[in-house]
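>>> Let me see the structure of the following:
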Amino acid sequence: MDKIVALCKRRGFIFQSSEIYGGLNGAWDYGPLGVELKRNLKDYWWRCMTQVRDDIVGFDGSILMNRAVWKASGHEATFSDPMVECPLTNKRYRADQIEPQSGTAYHYHLKYQDSIEDPTSSRPVMHFSVLVPKGKPEASAQKIARQYYYEKWKQPAGIEIHLEKSEQVENTTKFNPENGALLSEPRTFNLMFQTYVGPVQDESSITYLRPETAQAMFVQFKNVLEVSRKKLPFGIAQIGKAFRNEINPRNFTFRSREFEQMEVEFFVKPDTGFEWLEKWKEERLAWYEAIGIPRAKIHVLTVPDADRAFYSKGTYDLEYEFPFGIQELEGIAYRTDYDLKQHQEHSGKPLEYFDEETKTKYIPHVVEPSAGVDRTVLAVLCEAYAEETVKDEESGKEETRVVLRFVPRLAPIKAGIFPLLKNKPELVTKTKEVQKTLQPLMKVAYDEAGSIGKRYRRIDEEGTPFGITIDFETLEGAKEASTSAVGTPIAVGQKETVTLRHRDSMKQERIAIADLPAYLLAKIA
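Below is the predicted model:
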């Protein structure tokens, strides 16, 4: 994972937000290559959802909504996590994400009267508890306790501390897994970012940055239905930003405070919800395969009843094998009619659907496939990253090649275009002609710096699937007969051909310049 994070910065995929000011935890900026990768991913999802199917329409809801939306949806009252805090480091954690531990718990106290600094003070006893793994001596617990009294209470480093008791504990989640300190009692922490609308900051102007994109689609269900003239089943698709004030953002871009979602709210007849839940599971698995994530790397978790959202009758989590563990990429939830019912009740506006076939009215049920853009980009990066030992094309020496094996449709740059030598004007001129031919069709990059081998290594690290080199055979004619990349013969002396290099195999072949656009477009579709 460290190598992937370093590559992301080195090649301009992802930077820490506000880095020159020390950064902002849980916020990330996408650089020149990252933004292209992210856009290609979103464009492909959008095409699959709204272009090649006729039962889903697009939508783009606002980030700010009337506060009443979040009251009706239940977010204002219940969208929270249990938070605990470490007394030594002041770091905060989600209580439900603390890993169980076993060991010996030592409970200490220190009376403020023990302090050399102020022996007359009547401040109370200061307690501190610490857990150490089985087999470790009490000295390791004392070390942490003395650190606590020294850093938090300004006591001398060698102050005497009193052991009240020790006990064996099994599978406890009450202690900090990083240093063993006893954590605070859990308290509720609302995940929504609060803000104000208008010039006056009071109770009447409060709203929130949306914590999910779904609610706008539910609120606008009736309007979208009327203008699109769709019949059930049909869906509304949206890609948009969401914001959650996560207690502990972690694992690079996996859990962030600002992120993007790709969501479909698919409205169905009440008795077909489970049928569509299964259909969407299979469709989404196939989609991940199409972006280069094999089905074998995706684990389908049937979320247990106790862990499902209360409004869901069934939920699948599609989980990917990240380097830091198996974690959720996408949730597919059968949300029933909960959301539309809530908004109909709280707004007083009818959100029912009139079924022409049965001549009845009912509130549709909803199946929601919801994927994280940033998580999917991270999964694509992890799956694409590879290291291999190869022979240098120029020196013949063995070296380590770092390559991102993106599927061509997602690659930020589709082709690198190089003159063999930058000090030959005729080669440079022809290279820029080829560049201008391809630029309107796809993202390409011109590069003349360094040897051709180094340029190949650069585009390998950037995930560029094709390298196009304009050499002397382009101008003077091919030196030997061959079959081009598209299967047509290239005769000796034929001009206007280039060397086409394939990223994954490093195979090189010739192809006519005239054939390049059609060949590349077919590969990146």
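
>>> Could you list the buried residues of the lowest-mean-pLDDT helix or strand in the chain?
Across the helices and strands of the chain, mean confidence by mean pLDDT, DSSP states H and E is lowest for strand 187-190: a mean of 83. Under the neighbour-count criterion of 16 or more other Cβ atoms under 10 Å, strand 187-190 has 189-190 buried. No exception for glycine: its C-beta is placed from N, CA and C like everyone else's.

>>> partners of that strand in the sheet?
On the basis of DSSP bridges, the sheet neighbours of strand 187-190 come out as strand 80-85 (antiparallel).

>>> Contacts made by stretch 222-232 with the rest, please.
By Cβ atoms under 8 Å, 6 or more residues apart in numbering, the residues outside stretch 222-232 that reach it are 55, 57, 59, 217, 234, 236, 267-269, 349-351, 353, 355-356, 364.

>>> So Y93 sits against M83, correct?
Yes: taking contacts as Cβ atoms under 8 Å, Y93 lies within contact range of M83: 7.2 Å.

>>> so what sits against both of those two?
Taking Cβ under 8 Å, 6+ apart as the contact criterion, the common neighbours of Y93 and M83 are I247.

>>> which of the two has more neighbours?
For Y93 and M83, the more surrounded residue by other Cβ atoms under 10 Å is Y93, and the numbers stand at 23 against 18.

>>> can you pull the contacts of that one?
Taking Cβ under 8 Å, 6+ apart, one finds 83-86, 176, 183, 247-248 in contact with Y93.

>>> okay, the residues you listed in TSV with pLDDT and distance to E399 next?
Supplementary listing: the contacts of Y93 in TSV, determined by pLDDT from 0 to 100; distance: Cβ to Cβ, whole Å:
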residue	pLDDT	distance to E399
M83	87	48
V84	92	48
E85	92	48
C86	94	45
N176	95	44
L183	95	48
I247	83	44
N248	81	40
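
>>> Mind giving me the ChimeraX command for buried ones among these?
Buried members of the contacts of Y93 can be picked out in ChimeraX with the line below, counting by 16+ other Cβ under 10 Å:
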select :83,84,85,86,176,183,247
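
>>> Tell me where the stretch 101-250 of the chain is predicted with low confidence.
Screening the stretch 101-250 of the chain residue by residue with the criterion pLDDT under 70, one finds the ranges 112-124.

>>> picking up where we left off before, among the contacts of stretch 222-232, which lie within helices?
Restricting those to those inside helices, with DSSP state H as the criterion, leaves M217.

>>> ok, the contacts of stretch 222-232 vs F15, which is closest?
F15 has its nearest neighbour among those in F59, at 30.4 Å by Cβ to Cβ.

>>> and after the helix or strand hosting E283, which helix or strand comes next?
Assessed by DSSP states H and E, E283 sits inside helix 273-290. Once the chain leaves helix 273-290, the next helix or strand it forms, by DSSP H and E, is strand 298-302.

>>> which other helices and strands contact that next one?
With contacts defined as 3 or more Cβ pairs under 8 Å, 6 or more residues apart in numbering; DSSP states H and E, strand 298-302 has these neighbours: helix 273-290, strand 314-322, strand 325-336.

>>> right, and the ones you listed - which one's nearest M126?
Nearest to M126 among the helices and strands packed on strand 298-302 is strand 325-336 (37.1 Å), distances taken as Cβ to Cβ.

>>> So which bits of the closest one are buried?
Of the residues in strand 325-336, those buried (16+ other Cβ under 10 Å) are 327-336.

>>> And the contacts of stretch 222-232, which two are furthest apart?
When those are compared pair by pair using Cβ to Cβ, the two farthest from each other are D55 and K349, 24.8 Å apart.

>>> Please list all residues in contact with the closest residue to K495 other than its chain neighbours.
In this structure, K495 finds its nearest non-sequential neighbour in G477, 5.0 Å apart by Cβ to Cβ, 6 or more residues apart in numbering. If a contact means Cβ under 8 Å, 6+ apart, then G477 has 492-495 as its contacts.

>>> Scan those and report the most crowded one.
Using other Cβ under 10 Å as the contact criterion, the top neighbour count among the contacts of G477 goes to Q494, which has 16 neighbours.

>>> how about that residue, secondary structure?
Under the three-state scheme (DSSP: H, G, I helix; E, B strand; the rest coil), the conformation of Q494 reads as coil.

>>> So V219 is in contact with A68, correct?
No: counting by Cβ under 8 Å, no contact exists between V219 and A68, whose distance comes to 9.7 Å.

>>> The two: who's more crowded?
Using other Cβ under 10 Å, the more surrounded residue of V219 and A68 is V219, with 22 against 14.

>>> burial of Q97, as a residue count?
Neighbouring residues of Q97 were enumerated by other Cβ under 10 Å; the total is 13.

>>> Now it: closest residue in space that isn't a chain neighbour?
Skipping the residues right next to it in sequence, Q97 comes nearest to N248 by Cβ to Cβ, 6+ apart, at 7.5 Å.

>>> part of a helix, is the one you found?
No: under the criterion used here (three-state DSSP), N248 is coil, not part of a helix.

>>> my read: it touches R94, true?
Yes: contact status for N248 versus R94: in contact at 6.1 Å, counting by Cβ under 8 Å.

>>> in stretch 467-477, what counts as buried?
Going through stretch 467-477 with 16+ other Cβ under 10 Å, the ones that come out buried are 467-471, 473-474.

>>> ditto for stretch 281-300
281, 284-285, 287-288, 291-293, 297-298.

>>> swap in stretch 479-489?
If you call a residue buried by 16+ other Cβ under 10 Å, then stretch 479-489 has these buried ones: 482, 484-485.

>>> So what does the residue nearest to K495 have for phi and psi?
The phi and psi torsions at G477 (degrees, to the nearest 10) take the values phi 110, psi 150.

>>> how near is it to K430?
Plainly put, G477 is 13 Å away from K430 if you go by Cβ to Cβ, to the nearest Å.

>>> Then A95?
A95 is 64 Å from K430, where distance means Cβ to Cβ.

>>> so how far is the next helix or strand after the least confident helix or strand of the chain from its chain's centroid?
Once strand 187-190 ends, the next helix or strand along the chain (criterion: DSSP H and E) is strand 194-196. Relative to the centre of its chain, strand 194-196 is centred 26 Å away, using Cα atoms, centre = their mean, to the nearest Å.

>>> ditto for stretch 137-152
Centroid displacement of stretch 137-152 relative to its chain, using Cα atoms, centre = their mean, is 38 Å.

>>> where along the stretch 1-150 of the chain do the strands fall?
Secondary structure of the stretch 1-150 of the chain, counting by DSSP state E, counting those that start in this stretch: strands at 14-16, 28-30, 56-58, 80-85, 92-94, 101-111, 125-132.

>>> Can you name every helix or strand that the second one contacts?
This points to strand 28-30. strand 14-16.
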